[in-house]
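K.L.:
Got a predicted structure plus its sequence, pasted below:
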Amino acid sequence: MANPTLLILPGDGIGPEVMDQVKRVIDWFGDKRGLAFDVEEDLVGGAAYDAHGTPLHDDTMKKALKADAVLLGAVGGPKYDNLDFSVKPERGLLRLRKEMDLYSNLRPAQCFDALADFSSLKKDVVAGLDIMIVRELTSGVYFGEPRGIFEEGNERVGINTQRYTEGEIDRVARSAFELARRRNNKVCSMEKANVMESGILWREVVQKVHDEDYPDVELSHMYADNGAMQLVRAPKQFDVILTDNLFGDILSDCAAMLTGSLGMLPSASLGAPNADGRPKALYEPVHGSAPDIAGQGKANPIACVLSFAMALRYSFDQGDEATRLEQAIEKVLADGARTADLMGPEGGTPISTVEMGDAILSA
Ligand code: ATP
Ligand code: MG
């Protein structure tokens, strides 16, 4: 059988630095675990703009649509701040998401034991935390029409429209239930059905998908404001949280800070399954291009490495190998390896991006 294909888009800023460590990890899996990928690399964001005058070349878009998974570093940087909106680096990423139709955004919040002290919350609240937020990514209030700033009488009015079709709710709900079956069979869906029509429909469709096709999964519903409070008060009550685009944006940032540093957080964005059952997929760290530390060898590569672990699990059905990689990271942290972003107030000597890569490989 042909090797699975991986398109690597390192991007800008610290993107290429952290991706270099992921490439070493990918090679390791080929050498030591017989898990070979056909890897292709291309440009995205400012790097693509510099080379082609566009943040995503059509050829790159075609490669992304063909690849079994896309792994992205980060895009953007001060050098591109004054570019026209249509060629800004971020547009490259938005085009990928849109044309791949990546409607389901998975953001885990997982607290590694060794970092439990480092979290912004009390240790017993976050130790052992392992939850996953499934955020709808391609619809809702960020896209609904009408939108704009309009004249109304003698003043202006700013309008956005929260809009969800049954089909859009149905497909993201399925992706959450499928995920729950691979985890602990538990989904909590969050909306504001008490004050929003879209929330009423959301709750109804999620319940229907559950009753018809996923009755084995434990489903609960919660108003998103209460959800935010519960997430901070007692996050371990959750396993998979399913929510819309706007609430997901807020709740996933909130969940992220339960675990410590931006440098630790991976993400996956999934679309409709291909003929072979693999969803279209893009994996990327949650962090951006971090221009303040780019080129200094300080960046933490763990978020990007963990994004590759998600690819192993969700695109390539290699859950055991993903766990192997996550355990190596757990061990490295337990042994005390820290990049600068993971240094607590007590200080110490941070290791470099490459040294963190070395440590993960030897673990
Ligand atoms: P974007 O607009 O692209 O999302 P941002 O403004 O949210 O970017 P980031 O680029 O994510 O910001 O950086 C925010 C802060 O976190 C910066 O101080 C950066 O140095 C730090 N940071 C981000 N990623 C890492 C990392 N992998 N390792 C260490 N520090 C990081
Ligand atoms: Mg940001």
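P.N.:
Noted; the coordinates are in hand. Ligands and ions are numbered 1, 2, ... in the order given.
K.L.:
Secondary structure class of the residue in the stretch 151-300 of the chain that ligand 1 sits nearest to, three-state.
P.N.:
Residue of the stretch 151-300 of the chain nearest ligand 1, by C-beta to the nearest ligand atom: Gly288 (2.1 Å). For the C-beta atoms, the positions are set from N, CA and C on the backbone; glycine is no exception. Put simply, Gly288 is coil when judged by DSSP: H, G, I helix; E, B strand; the rest coil.
K.L.:
Tell me, how many residues neighbour it?
P.N.:
Gly288 has 18 neighbours, counted by other C-beta atoms under 10 Å.
K.L.:
And for the one 5 residues further on?
P.N.:
The local packing count at Ile293 equals 19, with neighbours defined by other C-beta under 10 Å.
K.L.:
how about the nearest residue to it, chain neighbours excluded?
P.N.:
Ala299 (5.9 Å; C-beta to C-beta, 6 or more residues apart in numbering).
K.L.:
Run a quick neighbour tally on that neighbour.
P.N.:
Neighbours of Ala299 under the rule other C-beta under 10 Å: 31.
K.L.:
before we move on, what about the one 10 residues further on?
P.N.:
As a burial measure, Ala309 scores 25 neighbours (other C-beta under 10 Å).
K.L.:
Would you state the helices of the stretch 201-350 of the chain in chain order?
P.N.:
For the stretch 201-350 of the chain, the helices defined by DSSP state H, counting those that start in this stretch cover 224-233, 245-256, 302-314, 319-334.
K.L.:
swap in the stretch 51-200 of the chain?
P.N.:
58-66, 89-99, 123-126, 166-182, 197-213.
K.L.:
Can you pull out the low-pLDDT segments for this structure?
P.N.:
118-122 (pLDDT under 70).
K.L.:
Can you tell me which residues in it are near ligand 1?
P.N.:
Residues of the chain found near ligand 1 (C-beta under 6 Å from any ligand atom) are 14, 18, 76, 262-263, 287-290, 292-293, 299-300, 303, 341.
K.L.:
which secondary structure element contains the residue lying closest to Phe37 once chain neighbours are set aside?
P.N.:
Of all residues not flanking Phe37 in the chain, Leu6 sits nearest, at 4.6 Å (C-beta to C-beta, 6+ apart). Leu6 belongs to strand 5-11 when assigned by DSSP states H and E.
K.L.:
Return that strand as PDB; C-alpha atoms alone will do.
P.N.:
This file holds the C-alpha atoms of strand 5-11, laid out as PDB (Å, rounded to 0.1, in the frame of the first residue of the first chain):
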ATOM      1  CA  THR A   5       0.700  11.700   2.400                       C
ATOM      2  CA  LEU A   6       1.500  14.700   4.600                       C
ATOM      3  CA  LEU A   7       1.700  18.300   3.300                       C
ATOM      4  CA  ILE A   8       3.900  20.400   5.600                       C
ATOM      5  CA  LEU A   9       3.400  24.100   5.600                       C
ATOM      6  CA  PRO A  10       5.900  25.700   8.100                       C
ATOM      7  CA  GLY A  11       4.800  29.300   7.400                       C
END
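K.L.:
on contacts alone, who are the packing partners of the next helix or strand after it?
P.N.:
Later in the chain than strand 5-11, the nearest helix or strand by DSSP H and E is helix 15-33. Counting contacts by 3 or more C-beta pairs under 8 Å, 6 or more residues apart in numbering; DSSP states H and E, helix 15-33 packs against strand 5-11, strand 69-74, helix 302-314, helix 319-334, helix 353-362.
K.L.:
Could you give me the buried positions within the last one?
P.N.:
Taking 16 or more other C-beta atoms under 10 Å as the basis for neighbour counts, the residues of helix 353-362 that come out buried are 353, 356-360.
K.L.:
if we can go back for a sec, looking at the helices of the stretch 201-350 of the chain, which is buried most?
P.N.:
helix 302-314 (a mean of 25; mean count of other C-beta atoms under 10 Å).
K.L.:
Just the angle for that one relative to strand 69-74, thanks.
P.N.:
170 degrees (axes from the mean of the first three to the mean of the last three C-alpha atoms, to 10 degrees).
K.L.:
Spatially, what comes nearest to Pro285 if we skip its sequence neighbours?
P.N.:
Going by C-beta to C-beta, 6+ apart, Pro285 has Ala303 as its nearest residue, at 3.4 Å.
K.L.:
What residues of the strand holding Leu6 count as buried?
P.N.:
Quick answer for strand 5-11 (16+ other C-beta under 10 Å): 6-11.
K.L.:
Same check on stretch 280-294?
P.N.:
For stretch 280-294, by 16+ other C-beta under 10 Å, it's 280-291, 293-294.
K.L.:
ok so, going back, going by distance to Gln110, which of the residues of the chain next to ligand 1 wins?
P.N.:
Ala303 (11.4 Å; C-beta to C-beta).
K.L.:
Regarding Ala2, which helix or strand does it belong to?
P.N.:
Going by DSSP H and E, Ala2 is not in any helix or strand.
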